[in-house]
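Enquirer: Whatever this is, show me its structure:
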Amino acid sequence: MKTTELRNKDIAGLKDEVKALQKAHFGLRMQKATQQLTNTGTLRVTRRDIARAKTILVQKQTQERAEKPAAK
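Expert: Below you'll find the model as predicted:
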């Protein structure tokens, strides 16, 4: 997933995306454990996608917290 797509999502959407990616990564790990996964590179891709989504999520949460006191 591209960062521009992730940045367009709100915080709830990013949390859902992280959960979906983690679920997909778990499924891939199980496939690898049972010798059913042929392309092991997808593990690396999903792991990096999770990290990318979590990074953008934390950035948005930090930005939201910084804007709250300014709004008072």
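Enquirer: Name the nearest residue to His25, ignoring sequence neighbours.
Expert: Thr46 (4.4 Å; CB to CB, 6 or more residues apart in numbering). For glycine as for every other residue, the C-beta is placed from the backbone atoms N, C-alpha and C.
Enquirer: The one you found contacts Gly27, correct?
Expert: No: distance between Thr46 and Gly27: 9.4 Å, which falls outside the contact criterion (CB atoms under 8 Å).
Enquirer: Now do the host helix or strand of the residue nearest to His25, average pLDDT.
Expert: Applying DSSP states H and E as the criterion places Thr46 in helix 41-71. Per-residue pLDDT values across helix 41-71 average out to 92.
Enquirer: roughly how far is that helix from the heart of the chain?
Expert: Averaged C-alpha coordinates place helix 41-71 at 8 Å from its chain's average position (CA atoms, centre = their mean, to the nearest Å).
Enquirer: ditto for stretch 61-72
Expert: For stretch 61-72, the gap between its own C-alpha mean and the chain's C-alpha mean amounts to 23 Å (CA atoms, centre = their mean).
Enquirer: May I have that stretch exported as PDB, CA atoms only?
Expert: This file holds the C-alpha atoms of stretch 61-72, laid out as PDB (Å, rounded to 0.1, in the frame of the first residue of the first chain):
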ATOM      1  CA  GLN A  61      -2.500  10.900  16.400                       C
ATOM      2  CA  THR A  62       0.300  13.200  17.500                       C
ATOM      3  CA  GLN A  63      -0.900  15.800  15.100                       C
ATOM      4  CA  GLU A  64      -4.400  15.500  16.500                       C
ATOM      5  CA  ARG A  65      -3.200  15.900  20.100                       C
ATOM      6  CA  ALA A  66      -1.200  18.900  19.200                       C
ATOM      7  CA  GLU A  67      -4.200  20.600  17.600                       C
ATOM      8  CA  LYS A  68      -6.600  19.900  20.500                       C
ATOM      9  CA  PRO A  69      -5.100  22.400  23.000                       C
ATOM     10  CA  ALA A  70      -4.800  25.100  20.300                       C
ATOM     11  CA  ALA A  71      -8.600  24.800  19.700                       C
ATOM     12  CA  LYS A  72      -9.500  25.700  23.300                       C
END
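Enquirer: Fine by me, we can end here.
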